[in-house]
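Colleague: pasting the sequence and the predicted coordinates here, then a few questions.
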Amino acid sequence: QLQPVESGGGTVQAGGSLKLSCAASGRTFSHYVVGWFRQAPGKERQFVGSINWSVGLTYYGDSMKDRFTISTDNAKNTMYLQMNNLKPEDTAVYYCAAGRPPYSSVRSATYYDYWGQGTQVTVSS
């Protein structure tokens, strides 16, 4: 059973940076699309970005690409989310998830089968 495990959350001031990690436990991320979603209190879960592990293609949510970057370390079976110029509205629980969504649905949480426990990111103004 594949289990994503997130780390790296915390509190940062607006304009600062954080790097989140998502490590695979139980199985590898090979042949999966691995993504980041976030959920703020009272709001729906939002797609942040994802990567097709086997071909390296990345996808980003609206307005994410200019500040957020996804990368991977195959040897460590770990995905990263580098977040720069953070804003208070980025405050949320960030979840790592893995699945096999069709290309047209990589932004849909429905198609991700394996989810981490989440890591809190708080951006203070």
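Modeller: All right, it came through fine. Numbering: from 1, shown residues only.

Colleague: nearest spatial neighbour of the most centrally placed residue in the chain, chain-adjacent residues omitted?
Modeller: Closest residue to the average C-alpha location of the chain: W36 at 2.0 Å, with C-alpha atoms, centre = their mean. Distance criterion C-beta to C-beta, 6 or more residues apart in numbering; nearest residue to W36, sequence neighbours excluded, is V48 at 4.0 Å. Heads up, the C-betas are built off the backbone N, CA and C, glycines and all.

Colleague: isn't that neighbour up against F37?
Modeller: Yes. Assessed by C-beta atoms under 8 Å, V48 is found in contact with F37 at 6.0 Å.

Colleague: quick one: the residue nearest to W36 from Q120, how far?
Modeller: Noted for V48: a distance of 14 Å to Q120, by C-beta to C-beta, to the nearest Å.

Colleague: of these two, which one has the most company?
Modeller: Applying other C-beta atoms under 10 Å to V48 and Q120 shows that V48 carries more neighbours, namely 24 against 12.

Colleague: name the element that one belongs to?
Modeller: Here V48, judged by DSSP states H and E, is contained in strand 46-52.

Colleague: if I look at the residue nearest to W36, how far off is T110?
Modeller: Taken as C-beta to C-beta, the span from V48 to T110 is 16 Å.

Colleague: all set now, cheers.
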